[in-house]
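Engineer: Just a sequence and a predicted model for now, questions to come.
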2 protein chains.
Amino acid sequence: MNQFVDLEALRAACLTLPPGSDAAAEAVRERQQILTKPIGSLGRLEDLVAWLARWQNRAMPRLDQVDVLVFAGNHGVTRQGVSPFPASVTAQMVANFSHGGAAINQLSRVASADLRVVPLELETPTRDFTEAPAMDEPDFLRAVTTGYDAIRPDRDLVCLGEMGIGNTTAAAAVAAALFGGDGAHWAGRGTGIDDAGLLRKRNVIDDGLKRHAAWLGDPLLIAMALGGRELAAILGATLAARRNGIPVLLDGFVCTSAAAPLARLTPGGLDHTMLAHLSAEAGHRILAKALGLTPLLDFGMRLGEASAAALAVPLLRAAVACHTGMATFAEAAVDNRT
Amino acid sequence: MNQFVDLEALRAACLTLPPGSDAAAEAVRERQQILTKPIGSLGRLEDLVAWLARWQNRAMPRLDQVDVLVFAGNHGVTRQGVSPFPASVTAQMVANFSHGGAAINQLSRVASADLRVVPLELETPTRDFTEAPAMDEPDFLRAVTTGYDAIRPDRDLVCLGEMGIGNTTAAAAVAAALFGGDGAHWAGRGTGIDDAGLLRKRNVIDDGLKRHAAWLGDPLLIAMALGGRELAAILGATLAARRNGIPVLLDGFVCTSAAAPLARLTPGGLDHTMLAHLSAEAGHRILAKALGLTPLLDFGMRLGEASAAALAVPLLRAAVACHTGMATFAEAAVDNRT
């Protein structure tokens, strides 16, 4: 059963996003003034607490329940030779996730987060977007709804990520359609394509932009025509998180591109998200800048799987631990500034 | 009992540093090629594992036992009005550490690390370095030895940090003496000094550089004349860690400046250290660049207390968890590149 009966129902949901809590953020800022440290000396850790408070609507934010959601999809465009890995790897990696052997399994454990992997009709790849829209409307809405419904309303934070051979091509095409520029501007090497493959990838993106030119004014049609099911699911999950008061950690290039239509539809549509990491994938720096997202980490990673989002969770835990656990100047009998 | 009978014994120890293990680092690089991820896609996490392996001399590095060491000292130079906080705060914060109320208490807990605080003769501040060397040789060597002996040889990693009202003035003076430049080049606002205070601070540093000009060719004499006991202890701890096969996470400006004499005495003297964070304190960016250290985080923090070093520990744990826990392509039956 679809959460959204048609594209216009989804659009309406995207256009009526709840705001965050100014009061909760303000309460955080007040407490930060009296904790035993020079004012502002915890830097971005202080901003992170205020951000969590604002979107959790809690003056004392918490991170007891953290989900890591990895959506997996297959892409018809892989037949154009845009990845050095065969499309079979998507399902094989999903199996690897379920057996605990992937990076995200280890990173979720370190983050004390619950990893949940959601494969999206892997046996039926989306269509090659150089020939037709990647998805038709029911297919797209089904994927968005799967992502939407994967959000558990009682969570304190959710990390979003993906797995899908070929999906940096889809992500670059979506980013190009949303923000302008061509394949050469947005395409990177993904899992490590060679020079010839990179040239193919750029051309494939340009072909897709040309074929779907009539739809490029609409962020949702862009996601449907050029994206993929795992990207659509991330869009749905990002929307559901906003509507349920759950802050989101975005992962890399594909994840950011998947969520970007929300920002194009509504100013501040991604204010409840934080970019965990600046990917080494070429287009991510451009996309992050276009969206006004400042990454927490810059570790040169380019794996996807929500790996960088999970990596950043302990940084948020540290921020919350300082805020909730530190003594005030009065409690500790420490002299304040003279 | 001093580890070092005189300055020349300390110098000899600094000039004969053990190298890291090329074999352990190489073993890490080989395993990274066959884990279920595109080659190099974990970015800096992969470099961190190789670094830990090299300095632990273990092909499979571990982080079971992590110490956070915070050294505290008082500074005669505070009477020049270089800090907005009274010198009494150093001892009060040490009490706050022991009651669990400071940022580093919370951050050590999140890092699953053992916090140990080492106050260094707080009741007797070092001398005002504008008038005399901050320490005489026995005082300096006592502090270095305290730091050296604080390293427990069975640890897998140590985070170093400090507490000491006035110590960004000492750190800036040491950095200026080691790398050139004057007070205006190196002094920052520390815990938040105002414009008039910053001007005083710059002049105090220039006065110190002038008074001890004859000693500025010797990194150890610089540390003795312009530093402080907690800085000397960090130098001793950094040296002991190297000699015991323990990688070090350096914290902020004061910590980096404290360890810097080792790099000036011996090329590669800080290769077993990693800079956790780029401090908002003005001189840190210059100092990190001079030392060739690339910070893991850039969060605008400026607290000291080993706070940023402890914050970075989970990033290293994540790196190690991926390396030791991930399946290989063969184990997971995932197709490798075509």
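Structural biologist: Okay, I see it.
Engineer: make it CA atoms for all contacts and neighbour counts henceforth
Structural biologist: Noted.
Engineer: Tell me which helix or strand comes right after whichever helix in chain A runs longest.
Structural biologist: Secondary structure assigned by DSSP state H gives helix A:307-325 as the longest helix of chain A. The helix or strand immediately downstream of helix A:307-325 is helix A:329-332, counting by DSSP states H and E.
Engineer: Now do that next one, average pLDDT.
Structural biologist: The average pLDDT for helix A:329-332 rounds to 96.
Engineer: how about the strands in the stretch 51-200 of chain A?
Structural biologist: Using DSSP state E, counting those that start in this stretch, the strands of the stretch 51-200 of chain A run over residues A:66-72, A:114-119, A:157-163.
Engineer: if you compare those strands, which one is most tucked away?
Structural biologist: strand A:157-163 (a mean of 30; mean count of other CA atoms under 10 Å in any protein chain shown).
Engineer: Below-threshold pLDDT in chain A: ranges please.
Structural biologist: Residue ranges of chain A with pLDDT under 70: A:1-2.
Engineer: center of it, which residue is that?
Structural biologist: The centroid of chain A falls nearest to A:Leu250 when counting by CA atoms, centre = their mean (3.2 Å).
Engineer: OK, contacts around that residue?
Structural biologist: Applying CA atoms under 8 Å, 6 or more residues apart in numbering or on different chains, we find A:Leu250 in contact with A:Cys159, A:Leu160, A:Gly161, A:Thr256, A:Thr273, A:Met274, A:Leu275, A:Ala276, A:Ala306, A:Ala309.
Engineer: in the sheet, who's paired with it?
Structural biologist: Beta-bridge pairing of A:Leu250 under DSSP bridges involves A:Leu275.
Engineer: Next, give phi and psi for A:Leu35.
Structural biologist: Per-residue torsions, A:Leu35: phi -70, psi 160 (degrees, to the nearest 10).
Engineer: So what's the residue count around it?
Structural biologist: Residues lying near A:Leu35 (other CA atoms under 10 Å in any protein chain shown) number 23.
Engineer: and what of A:Pro84?
Structural biologist: 20.
Engineer: what's the burial count for A:Asp47?
Structural biologist: Count around A:Asp47 with other CA under 10 Å applied: 17.
Engineer: Now do it against chain B, distance only.
Structural biologist: 10 Å (CA to the nearest CA, to the nearest Å).
Engineer: same deal with A:Val28?
Structural biologist: 16 Å.
Engineer: residues contacting that residue?
Structural biologist: A:Val49, A:Ala50, A:Ala53, A:Ala59, A:Met60.
Engineer: name the element it belongs to?
Structural biologist: Using DSSP H and E, A:Val28 falls in helix A:22-32.
Engineer: buried residues in that helix?
Structural biologist: Buried residues in helix A:22-32, counted by 16 or more other CA atoms under 10 Å in any protein chain shown: A:Asp22, A:Ala24, A:Ala25, A:Ala27, A:Val28, A:Arg29, A:Gln32.
Engineer: for those, which one is nearest chain B?
Structural biologist: Relative to chain B, the closest of the buried residues of helix A:22-32 is A:Gln32; by CA to the nearest CA it sits at 11.6 Å.
Engineer: I'd guessed that closest one sits against A:Glu46; true?
Structural biologist: Yes: using CA atoms under 8 Å, A:Gln32 is in contact with A:Glu46, at 7.4 Å.
Engineer: what is in contact with those two at once?
Structural biologist: With CA under 8 Å, 6+ apart as the test, A:Gln32 and A:Glu46 both reach A:Gly40, A:His323.
Engineer: What distance do you get for the nearest residue to A:Arg285 once chain neighbours are set aside to A:Phe71?
Structural biologist: Once flanking residues are discounted, A:Arg285 sits nearest to A:Leu278: 6.5 Å by CA to CA, 6 or more residues apart in numbering or on different chains. Computed as CA to CA, to the nearest Å, the A:Leu278 to A:Phe71 distance reads 20 Å.
Engineer: Then A:Asp22?
Structural biologist: Counting by CA to CA, the gap from A:Asp22 to A:Phe71 is 32 Å.
Engineer: Kindly indicate whether A:Glu305 is helix, strand or coil.
Structural biologist: What DSSP: H, G, I helix; E, B strand; the rest coil gives for A:Glu305 is coil.
Engineer: Can you report how many residues lie near it?
Structural biologist: Count around A:Glu305 with other CA under 10 Å applied: 30.
Engineer: For the stretch 51-200 of chain A, what lies in contact range of chain B?
Structural biologist: Near chain B, the residues belonging to the stretch 51-200 of chain A are A:84-86, A:88-89, A:92-93, A:96, A:100-103, A:106-107, A:110, A:191-192 when assessed by CA under 8 Å from any CA of the partner chain.
Engineer: which ones among those residues are found in helices?
Structural biologist: A:Ser88, A:Val89, A:Gln92, A:Met93, A:Asn96, A:Ala103, A:Gln106, A:Leu107, A:Val110.
Engineer: what's near enough to touch A:Cys159?
Structural biologist: A:Val66, A:Asp67, A:Val68, A:Leu69, A:Val248, A:Leu249, A:Leu250, A:Asp251, A:Ala306, A:Ala309, A:Ala310 are the contacts of A:Cys159 under CA under 8 Å, 6+ apart.
Engineer: what comes up buried for the helix or strand where A:Ala9 lies?
Structural biologist: A:Ala9 is part of helix A:7-15 when elements are defined by DSSP H and E. Using 16+ other CA under 10 Å as the test for burial, helix A:7-15 gives A:Leu10, A:Cys14.
Engineer: got it, and stretch A:321-331?
Structural biologist: Buried residues in stretch A:321-331 (16+ other CA under 10 Å): A:Ala321, A:Cys322, A:His323, A:Thr324, A:Gly325, A:Met326, A:Ala327, A:Thr328, A:Phe329.
Engineer: Could you provide those residues in TSV, with additional columns for distance to chain B?
Structural biologist: Putting the buried residues of stretch A:321-331 into TSV (distance: CA to the nearest CA, whole Å) gives the following:
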residue	distance to chain B
A:Ala321	6
A:Cys322	5
A:His323	8
A:Thr324	9
A:Gly325	6
A:Met326	5
A:Ala327	4
A:Thr328	8
A:Phe329	10
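Engineer: returning to that earlier point: compute the inter-axis angle for the helix holding A:Val28 and helix A:307-325.
Structural biologist: Inter-element angle recorded for helix A:22-32 and helix A:307-325: 60 degrees (by axes from the mean of the first three to the mean of the last three CA atoms, to 10 degrees).
Engineer: ok now stretch A:280-292, how far from the chain's centre?
Structural biologist: 13 Å (CA atoms, centre = their mean, to the nearest Å).
Engineer: got the contact list for that stretch?
Structural biologist: A:172, A:175, A:179, A:185-190, A:252-253, A:256-257, A:260, A:263, A:278-279, A:294-295, A:300-302.
Engineer: shouldn't A:Lys201 be in contact with A:Gly183?
Structural biologist: Yes: if you go by CA under 8 Å, A:Lys201 and A:Gly183 touch, sitting 7.4 Å apart.
Engineer: give the contact list for A:Gln18.
Structural biologist: Slight slip there: residue A:18 is Pro, not Gln. Contacts of A:Pro18 by CA under 8 Å, 6+ apart are A:Arg242, A:Arg243.
Engineer: got it, and A:Arg302?
Structural biologist: A:Gly190, A:Thr191, A:Gly252, A:Ser279, A:Ala280, A:Glu281, B:Ser41, B:Leu42, B:Gly43.
Engineer: cutoff 7 Å now
Structural biologist: By CA atoms under 7 Å, 6 or more residues apart in numbering or on different chains, A:Arg302 lies in contact with A:Ser279, A:Ala280, A:Glu281, B:Ser41, B:Leu42.
Engineer: That one: what secondary structure?
Structural biologist: A:Arg302 is classified as coil under three-state DSSP.
Engineer: Same check on A:Ile286?
Structural biologist: helix.
Engineer: neighbours of it, just the number please.
Structural biologist: 15.
Engineer: how close does it sit to chain B?
Structural biologist: 19 Å.
Engineer: cool, A:Leu216 as well?
Structural biologist: Note on A:Leu216: its distance to chain B, by CA to the nearest CA, is 32 Å.
Engineer: got it, and A:Leu297?
Structural biologist: From A:Leu297 to chain B the distance is 7 Å (CA to the nearest CA).
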